[in-house]
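Asks: after the sequence you'll find the predicted model.
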2 protein chains.
Amino acid sequence: MSRLNQFRNRLSRVERVTLQTIADRIGVSRTTVSNAFSRPDQLKEELRQRIMEVAEELDYPGPNPAARTLRRGRAGVIGVVFTEALSYAFADSYAVGFLRGLARVAEQSGTGLHLIGWPSPGVAEEVIGDAVVDGFCLFSPEGHPLVETVLRRRLPVVTVDHPYVPGVPFVGIEDRLAAREVATYLLGLGHRRIAIVAARPMAAQPIVARPRMIQDPADWLDVDLSEEHRFGAGRARLAGYHDACLEEGLAWEDVPLHRTTNDREIARRAAGQLLDLRPRPTAVIAATDEIAFGVMDVAAQRGIDIPGELSVVGFDDVPAAEPAGLTTVRQPITAKGTTAGRLLLEPSRHDPAPCVLMDHHLVIRRSTAPPP
Amino acid sequence: MSRLNQFRNRLSRVERVTLQTIADRIGVSRTTVSNAFSRPDQLKEELRQRIMEVAEELDYPGPNPAARTLRRGRAGVIGVVFTEALSYAFADSYAVGFLRGLARVAEQSGTGLHLIGWPSPGVAEEVIGDAVVDGFCLFSPEGHPLVETVLRRRLPVVTVDHPYVPGVPFVGIEDRLAAREVATYLLGLGHRRIAIVAARPMAAQPIVARPRMIQDPADWLDVDLSEEHRFGAGRARLAGYHDACLEEGLAWEDVPLHRTTNDREIARRAAGQLLDLRPRPTAVIAATDEIAFGVMDVAAQRGIDIPGELSVVGFDDVPAAEPAGLTTVRQPITAKGTTAGRLLLEPSRHDPAPCVLMDHHLVIRRSTAPPP
DNA sequence: GAGTGGTTCTGAATCGATAAAGAAGCCAAG
DNA sequence: CTTGGCTTCTTTATCGATTCAGAACCACTC
């Protein structure tokens, strides 16, 4: 046993090429070989060349990144955490747009991106604990247990969209206000039978509220939403819709409300149910564009004319919204990404954690009109 | 100096909590604390609890991932390398679709995804050298210098689309054949004035051929394309178009050919020039859907009717192709991702490197018709 | 000839964990 | 009684690099 192991060790020692292997071969110190790779100015060009030659000869794959990271204490990578499966995130134009922006600043500073999704409970927790990164970007993780997991790493963090965690830099828009504008606009057109399709995270297990994460001064809900709505991704938006109804005297109880995941396909089902209601709603407010597309799909399928018989509003203004003629709330998707990236990469430690609220505005297109 | 340093060291030693800190505090060995985190079954539940308590108390962020990775020799992450800036990759439905598939299998096995782009020469090289990963997926890196950089790491690699590198697992489709079908179809409709818009990588520096990377038996070009086309991303597709023209007796010299990056916006410029030709082409073959959209944009802008006055064909069948009515080549985008992922994560080392060729077929929609 | 200042290279001390083998204690079976 | 086997923990030896202080040498200057 022991002998076998020694043999194995010897073997692997022979097979594995490290800085030391090269150093021994040439007769210089390990440090010098290290310098040849990382600080070429620290040794004579002649020796450096010789080292490189031997490295090539021994098929040395370059300084081991894990060892380097351990010693340097810096990974050059930031983690981006989604609370859904990554395969869903990549299907969501909003998430992809955000990543675009984030990637732009990350790349410029030679920083890598480590994407982490939440395919099922437990997996991501481990991945987050094992991620060799210098910081995390939490993408719209409202109320999700992963927030705790990430915070525990004690690395720099920036949260996007929700929730606002005291002490953690934040990037978002005034969701509640924007949502109110949407509802107010529809009410202003004369709609009274309005249905709402809200987004909920695709969590596969019930989402538990953590006291420290819901102290969000901007979005705190003083309205009485059912418990299941209090911590979904669309909480603030729901509150905004509620605000408008209150203001315009539309009873919140009369507003049909469905929840669906942020997925066109899945949203169709919810839309189907809403359009089955009698009397049929004259307008549907979707908490995201993706959901709005699902609603439009079903309407088209049933021959319901938009906007003649049904108005539809989305949220986000993803690229596909314009060709589809969807009235929606435009928000600077990509800019959110760049901002988040800068917040994470900037060397200066802001003392009061910055809370960046970006602009938004209602973009009116062909999908809305006064009720029939 | 020395004293200052000692001070600093002492300070950081005090501030930094490691397994040892916890071990000392409780009076057990470091290994036991390590086990408390990584192999809970190796110690008494009682002690484990106590360790966890102290860890909490000291605000221990968990075992350091870099150290862990170094010792274990396994990162649990795969690198995905693009030869364009990541911000472009995220704008490209094809790339995003691929990532979707890749993410699906990666997530299932608890593997993280480290995305690496090529924003400008030099940056990515360093990121690749420093990436703490167990393998790389090269996304359509034909002829790109990054291929060498990645191979040098001596880690498992899988190449997607191009090039086929001997000894490296490969996933792709029969591009040349598919491209030929496209051109044959248009020629069959009666088109003789056909223009081609090819894709080229967004490399910011000239792409150098490496002998070991172009020995691709399936795609080797025996046709005489100008040098600049020999190693672009669309090399095989160009060859296919060429094949068809040859077969149908259309002189290749008479086929106007433009190169553009795979970006709708940028493709518009190339399209503009092609549609200025007199006599105007009756059909445009775009090497990707994204480019095809650019062509359609310009046509719409100039009031050129599709397909009445102009037929347009794309390649890839990205999600937006269907609503746009674009005739194109469908290929299993997401399945490519899952296949690539499996090839990379599968424990078995296939001896002859697997070379997976996936299905494709021509999808005929509203954008093509016989010439006027 | 002592002092000054640069290069170029070395040695020792880490970075923070895990693997492998071994020791101590305990219980049941032979 | 002792052998074997299990559980629970410890010891020792790495994993592969980088940092930092200092040595050796060279050239110049005053």
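Replies: Structure's in. What do you need? Numbers count the residues shown, from 1 in each chain, chains lettered A, B, ... in the order given.

Asks: stretch A:45-52 and DNA strand C in contact?
Replies: Yes - applying Cβ under 7 Å from any atom of the strand, one finds stretch A:45-52 touching DNA strand C at A:L47. C-betas here are computed from N, CA, C, even on glycine.

Asks: show me where chain A has strands.
Replies: With DSSP state E, the ranges of strands along chain A come out as A:77-81, A:112-116, A:136-139, A:157-160, A:170-173, A:194-200, A:257-261, A:283-286, A:311-313, A:328-330, A:355-358, A:361-363.

Asks: mind checking how far the fifth one is from the chain centre?
Replies: Strand A:170-173 has its C-alpha centroid displaced from the chain centroid by 12 Å (Cα atoms, centre = their mean, to the nearest Å).

Asks: pretty sure A:T288 sits against A:I196.
Replies: No - with contacts counted by Cβ atoms under 8 Å, A:T288 stays clear of A:I196, the gap being 11.9 Å.

Asks: give me phi/psi at the nearest residue to A:G129 once chain neighbours are set aside?
Replies: Excluding the flanking residues, the one nearest A:G129 by Cβ to Cβ, 6 or more residues apart in numbering or on different chains is B:G62, at 5.2 Å. With angles defined as degrees, to the nearest 10, B:G62 sits at phi 100, psi 160.

Asks: where does the stretch 101-250 of chain A have low pLDDT?
Replies: Across the stretch 101-250 of chain A, the ranges flagged by pLDDT under 70 are A:200-233.

Asks: those residues of chain A touching DNA strand C, which are they?
Replies: Counting by Cβ under 7 Å from any atom of the strand, chain A sits next to DNA strand C at A:1-2, A:5, A:27-32, A:35, A:41-44, A:47, A:67, A:70-71, A:73.

Asks: buried subset of these, written for PyMOL?
Replies: Buried subset of those, written as a PyMOL selection, criterion 16 or more other Cβ atoms under 10 Å in any protein chain shown:
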select buried, chain A and resi 28+32+35+43+67+70
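
Asks: so which of the residues of chain A next to DNA strand C are also by chain B?
Replies: Filtering the residues of chain A next to DNA strand C for proximity to chain B by Cβ under 8 Å from any Cβ of the partner chain leaves A:A67, A:L70.

Asks: and the residue in the stretch 101-250 of chain A that DNA strand D sits nearest to, what does it touch?
Replies: Among the residues of the stretch 101-250 of chain A, A:V132 lies closest to DNA strand D, at 13.0 Å counting by Cβ to the nearest atom of the strand. Contact analysis of A:V132 by Cβ atoms under 8 Å, 6 or more residues apart in numbering or on different chains lists A:A66, A:T69, A:A75, A:V77, A:H114, B:P65, B:A66, B:T69, B:A75, B:V77, B:V132.

Asks: one more time with 7 Å, if that's ok
Replies: A:T69, A:A75, A:V77, B:P65, B:A66, B:T69, B:V132 (Cβ atoms under 7 Å, 6 or more residues apart in numbering or on different chains).

Asks: do the same with A:V284
Replies: So, once contact is read as Cβ under 7 Å, 6+ apart, A:V284 ends up touching A:A195, A:V197, A:L274, A:V295, A:L310, A:V312.

Asks: just the buried residues out of these, in ChimeraX syntax.
Replies: Filtering the contacts of A:V284 down to the buried ones (16+ other Cβ under 10 Å) takes a single ChimeraX command:
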select /A:195,197,274,295,310,312
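
Asks: any idea how far the residue nearest to A:G129 is from A:G117?
Replies: For B:G62, the distance to A:G117 equals 20 Å [Cβ to Cβ, to the nearest Å].

Asks: now A:A36
Replies: According to Cβ to Cβ, A:A36 stands 39 Å off from A:G117.

Asks: and the residue nearest the centre of chain A?
Replies: Geometric centre of chain A, nearest residue: A:F139, 2.8 Å, by Cα atoms, centre = their mean.

Asks: that one bridge partners, please.
Replies: A:V160 (DSSP bridges).

Asks: in this structure it contacts A:V160, no?
Replies: Yes - taking Cβ atoms under 7 Å as the definition, A:F139 is a contact partner of A:V160 at 5.1 Å.

Asks: shared neighbours, these two?
Replies: Contact criterion Cβ under 7 Å, 6+ apart; residues shared by A:F139 and A:V160: A:F98.

Asks: didn't the residue nearest to A:G129 look like it was pressed against A:D130?
Replies: No - in this structure, B:G62 is not within contact of A:D130 by Cβ under 7 Å, at 8.9 Å.

Asks: okay, these two: which has more neighbours?
Replies: The neighbour count for B:G62 versus A:D130, taken as other Cβ atoms under 10 Å in any protein chain shown, is higher for A:D130 (23 against 15).

Asks: for the more buried one, which non-adjacent residue is closest in space?
Replies: B:P65 (4.9 Å).

Asks: ok, the one you found to B:P371 distance?
Replies: Where B:P371 is concerned, B:P65 sits at a distance of 61 Å (Cβ to Cβ).

Asks: so which residues make contact with stretch A:263-271?
Replies: A:Y88, A:A91, A:V197, A:H258, A:T260, A:E290, A:I291, A:F293, A:G294, A:V295, A:D297, A:V298.

Asks: for the stretch 51-200 of chain A, what spans make up the helices?
Replies: Taking DSSP state H, counting those that start in this stretch as the criterion, the stretch 51-200 of chain A carries its helices at A:65-72, A:86-89, A:93-108, A:123-130, A:146-152, A:175-189.

Asks: as CSV, the ones you listed with distance to DNA strand D would be great.
Replies: Formatted as CSV, the helices of the stretch 51-200 of chain A follow (distance: least, Cβ to the nearest atom of the strand, whole Å):
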stretch, distance to DNA strand D
helix A:65-72, 3
helix A:86-89, 30
helix A:93-108, 21
helix A:123-130, 15
helix A:146-152, 23
helix A:175-189, 43
